[in-house]
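Q: All I have is the shape, not the residue letters:
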């Protein structure tokens, strides 16, 4: 009998351990003790992928284990988000997310995860405005002329994005609502294929984050019309904002952050936050962000959680006003 009780007690303890997370016993001081997967929800080459790789590289150097970037593209990072939500909450599978996490719950009729309940925000590390860019063959060179051209050619201009739900997509929807122009959204599986479509003339214009297109702008393969931030970028000081170009109140940006599955131990989340904040504070990393046209962010996990909740509320209004739907 005593042997049976011992086995029952052992089984109960095992179940309790499984429910609370078998890896929860690992102290943060020894984390990570093996390679970490850093999941990106878009194809290689876009802003999310670029940001994930430069952070993963620094995390590898700082923490002494490989942080391996893995691209799981599809449905505006819904595929990646669902994968992370169902992953073990042990700190060894992380989500290198962009702003779509705050959009998709309003845009998609059904998603198999919750952007707040299923994740533990660790560190919001950068924010980057979008650029309104056109194919050089399109006549307008200013936003005023672009809007006039769009009104003269209703529903004939197509714009690409990294996917339904991205800030690139909703920047276009916001512009459509605020200026009453007729334009058509064409989604792609990431920023890189979206820009490829623009370069080839498959679409006439696009919204894109600065890291993805800065090289093309320097080579004049694309024309940039305006920036979606409230103020001009130090990287492109001659480029006017959408606001000063005649659309008051227009401001959009994408953000980049690291999240873990919801039940990840707090001390591991805290260690990730401290480590990433220290990376962002370094002169070398700050300079790299500046070269990419992104602004550094140094905040707590609690701030990131509040920020995400605010993003969900803000983009829900844009989705409703525009009638945007996933294509």
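A: Noted; the coordinates are in hand. Quantities reported herein were computed from a predicted structural model and do not represent experimental measurements.
Q: Around residue 313, count how many other residues there are.
A: By other CB atoms under 10 Å, the residues close to residue 313 number 11. C-beta coordinates here come from the backbone N, C-alpha and C atoms, glycine included.
Q: What helix or strand is it located in?
A: Using DSSP states H and E, residue 313 maps to helix 301-322.
Q: Name the residues that touch that helix?
A: 99, 101-103, 105-107, 115-116, 120-124, 170, 173-174, 176-177, 255, 257, 259, 269-270, 273, 299, 324 (CB atoms under 8 Å, 6 or more residues apart in numbering).
Q: Just checking the distance from it to the centre of its chain.
A: Taking CA atoms, centre = their mean, to the nearest Å, the mean C-alpha location of helix 301-322 is offset from the chain mean by 13 Å.
Q: Longest strand in this structure, please.
A: Of all segments of type strand in the chain, defined using DSSP state E, the longest is strand 119-134.
Q: where do the helices sit along the stretch 201-327 of the chain?
A: 210-218, 266-281, 283-291, 301-322 (DSSP state H, counting those that start in this stretch).
Q: a markdown table for those, including mean pLDDT and distance to residue 45?
A: Listed next are those as a markdown table, based on pLDDT from 0 to 100; distance: least, CB to CB, whole Å:
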| stretch | mean pLDDT | distance to residue 45 |
| --- | --- | --- |
| helix 210-218 | 84 | 7 |
| helix 266-281 | 98 | 22 |
| helix 283-291 | 92 | 17 |
| helix 301-322 | 95 | 24 |
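Q: right, and the ones you listed - which one's nearest residue 148?
A: Comparing the helices of the stretch 201-327 of the chain by their distance to residue 148 (CB to CB), the top pick is helix 301-322, with 21.2 Å.
Q: quick check: angle from that closest one to helix 266-281?
A: For helix 301-322 against helix 266-281, the angle between stretch directions is 80 degrees (axes from the mean of the first three to the mean of the last three CA atoms, to 10 degrees).
Q: one step back: present the helices of the stretch 201-327 of the chain as TSV; the columns should include distance to residue 51.
A: Below are these laid out as TSV (distance: least, CB to CB, whole Å):
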stretch	distance to residue 51
helix 210-218	7
helix 266-281	11
helix 283-291	9
helix 301-322	15
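Q: the helices in the stretch 51-200 of the chain, which residues?
A: Assigned by DSSP H, counting those that start in this stretch, the helices in the stretch 51-200 of the chain fall at 78-85, 104-107, 143-152, 167-179, 191-200.
Q: Go through the ones you listed and pick out the most buried.
A: Of all those, helix 167-179 has the most neighbours on average by mean count of other CB atoms under 10 Å, namely a mean of 24.
Q: okay, the angle between it and strand 119-134?
A: Using the same axes, to 10 degrees, helix 167-179 lies at 60 degrees relative to strand 119-134.
Q: Perfect, I'm done here.
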